[in-house]
Each structure stands twice: as structure tokens, then as C-alpha cells.
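S.K.: what follows is a protein structure lacking sequence information:
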């Protein structure tokens, strides 16, 4: 456990305990506590890694492995956007308002635990805590769609938990320890690693199911579509990236794929990553619901991270880390904007929408920034992470995968331009209402994330320097 980051786990947990005891007559106090906790933590993290002296040193003085600090900051950033949006989106008379914020804070604490732990058992415990809170959050508005999505989330990810436990048991019997370092040492020793590889393969399979990677993706669209609108942004922006994708990436670096170890496992992960890219992109082309299209797009974009993790070279790991960061930013924008469209127009069915650009200009243009970044259009941040992944594939001899990854980026641009035309640029249907722009408070998180997307693209050398430092520390 990275002890320097433990406060970022304990403080939101403390806030989650305090919120239920706040006066029910003042529901906005829960909003205030949640937002203040996350804002204070984010400000402190920014001071740790973005001081001029730290930037000038090439981020060498950043504590820990660098990756944990980046991901804790990302967790706090996405959660702050969700809680700030929720504070102005939730009905004031919502009976379980305090419980909603408590669950969000517990999920933040669980995610911080996942990215700061140094052994597989603790990782599993925090992943399960996150799964339980996510299940509850999906049903927070008590609609039939939310209950259905939550049940599918639980039933289809339950086998993943069993696989992870089985893999952990094999590792414990084989290595005598569940620490990350024991696995790294075993893979570096040159001794036969059959049982170790089998145990890790079971865990990896569980992590991939929780990531929503094809062909284990069937729960993802229903959970995202059925969840309460701000919860969709929380799930799509950060939860599945931390509960599954991060675990895949972390385990891949411990397995020394870049040294040619466990080639069968490496090839299998790369294949599933490529399959996810293709299935998610092609399925998104056929969707009529805004949130459902975003869910399939998430499946596709997660595929890029998994593909790079399976390759495991230093450049691929840098690309995977950067794309994980980028995915959290542009998907948060798009899911929050889908919530704004749902609030204003009363639906996310794209056949009933159109021409919202003039009545909702801020929502429209922040969506343009996010979708162009998702498709990898320069100079936005998504371009750089996809470029790094494609270059890593090409230089490692996986030219077919590199070409396919590039082609499906074009498919991504195609379905998002279709979405933009249907929702914002198209002709407004006769039955569509006025759909005015949402309040500045609801727009603020999307505008902030859009600014980060642009900044990460324009200031790419600084981001690359940080991510390279983090990748080198977790690989070596």
C-alpha cells in the first residue's frame, strides 16, 4: 500500500460516514460535504505534482510510482465532476439523496484503494467494495431500467469475482505470497511459471469481464443506459477503468510481457483488446439511443488500452496509461452531456432529437471536443494516446493490429459524427420540444473536462514526460 496516498482513501470514507448524520431538513449539506472533500483532495494532489519546480525537474520528485498519484487525481477529478453535476441535477426532495452521496464517496475510497494497494488480495477486496457500491448506485432512482441494469451488472460480473478468487488461490499456493513484488520476482527468475501463469490468466479473465471487454460486454450497455444519468458518467468515466482496466494493465506489467514472458497470455489479451475495439465500434454504428451508443463506444475505447497492455512494451504501457486518462476525460464529458440532453429534451432517443446546436450550444460544442478526442483527431489528447499505441504495435511487428486500430478510429469518428448530426446538427423533429440549454452549474463539469482535453493535447510534451516517468517506475 502506498502509505503517502492513504489519506485520499480515508477522507472520502470519513465523509461517507458523516453524510447520513447531516440534518435531513438541509439536503444541500450533503452536496457541500461531498464536493468540498473532493475539491480539497484534488487541489492537494495538483500541488504535489504540478508545482513549477516538479515540472521543471521532469517530475522526478513525484512520490511513489507516479501512476498511483495520477490515477488518484483522475478518480477525484471525475468524481468531483459527477458530484458537482449531481448537486444541481438531483431533485431537492430526493429521499435517498444522502445515501447517494455516501455511496459515491465509498466508491471513491474503494477506487483509491485499488490503485494504491501492493497485493492482489487487497486489490480484490476493494474491487468487490466498488462492485457493491456500483450496484447500489445504478438503482438509486429506483426505476425499472436501473434495477434491470443493476441485476445484469451483478449476475454477469459475479463469475468474474469467482475467477479472480480462484486465480488468487493458485498464486498463494504457488508463490506463498500475494504481493505484486512476489509475482514480478517469479516472472524474472527464469524458472518454469506454468501454475503462476495459469493463476494470473484466471485473474486476468475476471478483470477483463469487469472491464466490459468483448465478448464479456453484454452487461455494459444495459447498466450504462439504465443507470441514473450522473451515475452513467461515474461508471463510464472512471469505475470500469479502475475496477477492471487498471488491474489488467498493472498485472500485465508485473508479468513482464515486454520481455517475451507468457506469450500465450499476452497474445490472448491482445486479441480480446482488438475484438473489443471492433465489436464496440461496429455496434455503436447501429445504436439509436445516445447513452447506449456511448456505452458501446466505451467498450471500443477500453479495447485500445487492453490491446496495449497485452503488448506490454514500454511505449505501449505509456500509450495505455495516457489513453486511460484520456478515456476518463472524454467519456465523462459525453455522458454528462447525455444527462443534460435528457434533462432538457426529456429523452436520449436520437430519432426524437435534432437541431439542438442552437438551443444548447455549450452542450453541443463540448460534445464536439470530446468526440474528436475519442476518434483521435489532432491536436486533442486522444490523438496522442492512440498514436503511441499504434506506433508501439507497428514497431513490435503487429502491423495488422496497428492498421486495424487506425481504421476503427475512423469508424469511431463516423458514428460520433452521425450522433452529433442526429442530436445537435440535424433538423429538429416536429414533436421535439424547445430543449433550452441547461444551467451553468450543469455545464461547468463538461466545460472543465473539455478544457483538460484541449490542454492535454496542446501540452502533450509535459503529459508525456509524466506518463513516461510513471511507466518506467512500474515496469522496472
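M.R.: Yep, it's here. Predicted, not measured: the structure shown is a model, and the values here were computed from it.
S.K.: which parts of this structure are strands?
M.R.: Assigned by DSSP state E, the strands in the chain number zero.
S.K.: show me where pLDDT drops low in it?
M.R.: 1-4, 93, 141-146, 190-193, 258-261, 426, 428-434, 476 (pLDDT under 70).
S.K.: residue 467 touches residue 314, doesn't it?
M.R.: No. In this structure, residue 467 is not within contact of residue 314 by C-beta atoms under 8 Å, at 10.9 Å. C-beta here means a position set from N, CA and C on the backbone, and glycine is covered the same way.
S.K.: of these two, who's got more company?
M.R.: Taking other C-beta atoms under 10 Å, residue 467 and residue 314 do not tie; residue 467 has more neighbours (26 against 15).
S.K.: wait, what's in contact with that one?
M.R.: 70, 318, 321, 322, 325 (C-beta atoms under 8 Å, 6 or more residues apart in numbering).
S.K.: of those, which pair is most distant in space?
M.R.: Comparing every pair within those by C-beta to C-beta identifies 70 and 318 as the most remote, at 12.0 Å.
S.K.: in helices, which of the contacts of residue 467 appear?
M.R.: If you go by DSSP state H, the contacts of residue 467 have 70, 318, 321, 322, 325 in helices.
S.K.: closest to residue 11 among the residues you listed?
M.R.: Once C-beta to C-beta is applied, the member of those that ends up nearest residue 11 is residue 70, at 18.6 Å.
S.K.: what sits against residue 361?
M.R.: Contacts of residue 361 (C-beta under 8 Å, 6+ apart): residue 437.
S.K.: in the stretch 51-200 of the chain, which spans are helices?
M.R.: Shown for the stretch 51-200 of the chain, the helices assigned by DSSP state H, counting those that start in this stretch span residues 52-56, 67-89, 97-116, 120-138, 144-175, 180-188, 194-211.
S.K.: residue 439 is nearest to which of these?
M.R.: From the helices of the stretch 51-200 of the chain, taking C-beta to C-beta, the stretch that ends up closest is helix 67-89, at 6.2 Å.
S.K.: run the angle between that closest one and helix 97-116 for me.
M.R.: 170 degrees (axes from the mean of the first three to the mean of the last three C-alpha atoms, to 10 degrees).
S.K.: picking up where we left off before, most neighbours among the ones in helices among the contacts of residue 467, which one is it?
M.R.: residue 322 (30 neighbours).
S.K.: do you know how far that one is from residue 376?
M.R.: For residue 322, the distance to residue 376 equals 12 Å [C-beta to C-beta, to the nearest Å].
S.K.: what is in contact with the two at once?
M.R.: Joint contacts of residue 322 and residue 376 (C-beta under 8 Å, 6+ apart) do not exist.
S.K.: related to what we said a few turns ago, okay if I get the helices of the stretch 51-200 of the chain as a markdown table plus distance to residue 440?
M.R.: A markdown table is the format used below for the helices of the stretch 51-200 of the chain (distance: least, C-beta to C-beta, whole Å):
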| stretch | distance to residue 440 |
| --- | --- |
| helix 52-56 | 31 |
| helix 67-89 | 9 |
| helix 97-116 | 22 |
| helix 120-138 | 26 |
| helix 144-175 | 28 |
| helix 180-188 | 44 |
| helix 194-211 | 35 |
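S.K.: closest one to residue 366 among the ones you listed?
M.R.: helix 67-89 (11.9 Å).
S.K.: and the angle from the closest one to helix 120-138?
M.R.: Using the same axes, to 10 degrees: helix 67-89 against helix 120-138 is 10 degrees.
S.K.: what is helix 67-89 packed up against?
M.R.: The contact analysis (3 or more C-beta pairs under 8 Å, 6 or more residues apart in numbering; DSSP states H and E) places helix 67-89 against helix 28-50, helix 97-116, helix 229-234, helix 314-345, helix 440-458, helix 460-475.
S.K.: want to throw the ones you listed into TSV with distance to residue 82?
M.R.: Formatted as TSV, the helices and strands packed on helix 67-89 follow (distance: least, C-beta to C-beta, whole Å):
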stretch	distance to residue 82
helix 28-50	9
helix 97-116	7
helix 229-234	5
helix 314-345	8
helix 440-458	8
helix 460-475	23
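S.K.: tell me the most buried of those?
M.R.: helix 229-234 (a mean of 28; mean count of other C-beta atoms under 10 Å).
S.K.: what are the contacting residues of it?
M.R.: So helix 229-234 is in contact with 78-79, 81-82, 85-86, 89-90, 104, 107, 137-138, 140, 224-225, 291, 294, 331-332, 335-336, 338-339, 342-343, going by C-beta under 8 Å, 6+ apart.
S.K.: relative to residue 220, how far out is the residue lying closest to residue 216 once chain neighbours are set aside?
M.R.: Using C-beta to C-beta, 6 or more residues apart in numbering and skipping residues adjacent in sequence, the residue nearest residue 216 is residue 209, 4.3 Å away. Distance from residue 209 to residue 220, counting by C-beta to C-beta: 10 Å.
S.K.: which of the two has more neighbours?
M.R.: residue 220 (28 against 22).
S.K.: neighbours of the closest residue to the more buried one other than its chain neighbours, how many?
M.R.: When the adjacent residues along the chain are set aside, residue 220 lies closest to residue 212, with 3.8 Å between them (C-beta to C-beta, 6+ apart). Residue 212: 32 surrounding residues under other C-beta under 10 Å.
S.K.: wait, doesn't residue 55 sit right on residue 462?
M.R.: Yes. Residue 55 is within contact range of residue 462, at 6.5 Å (criterion: C-beta under 8 Å).
S.K.: who are the contact partners of residue 128?
M.R.: Residue 128 neighbours (C-beta under 8 Å, 6+ apart): residue 161.
S.K.: nearest spatial neighbour of residue 54, skipping sequence neighbours?
M.R.: For residue 54, the spatially nearest residue (C-beta to C-beta, 6+ apart) is residue 61, at 5.5 Å.
S.K.: ok, that neighbour - how many residues close by?
M.R.: By other C-beta under 10 Å, neighbour count at residue 61 equals 12.
S.K.: same deal with residue 424?
M.R.: 23.
S.K.: from what I can see it touches residue 362, true?
M.R.: No. The pair residue 424 / residue 362 is not scored as a contact, 11.1 Å apart, by C-beta under 8 Å.
S.K.: so how far is residue 60 from residue 465?
M.R.: In terms of C-beta to C-beta, residue 465 sits 10 Å off from residue 60.
S.K.: nearest to residue 236 among the helices of the stretch 51-200 of the chain would be which one?
M.R.: Nearest of the helices of the stretch 51-200 of the chain (C-beta to C-beta): helix 67-89, 9.6 Å.
S.K.: so what's the nearest residue to residue 244 once chain neighbours are set aside up against?
M.R.: In space, residue 244 comes closest to residue 211 once its chain neighbours are excluded; the distance is 3.1 Å by C-beta to C-beta, 6+ apart. Taking C-beta under 8 Å, 6+ apart, we find residue 211 in contact with 240, 241, 243, 244, 245, 248, 302, 306.
S.K.: switch to 7 Å and redo it
M.R.: 240, 244, 245, 248, 302, 306 (C-beta atoms under 7 Å, 6 or more residues apart in numbering).
S.K.: if anything else comes up later, I'll come back, but that's it for now.
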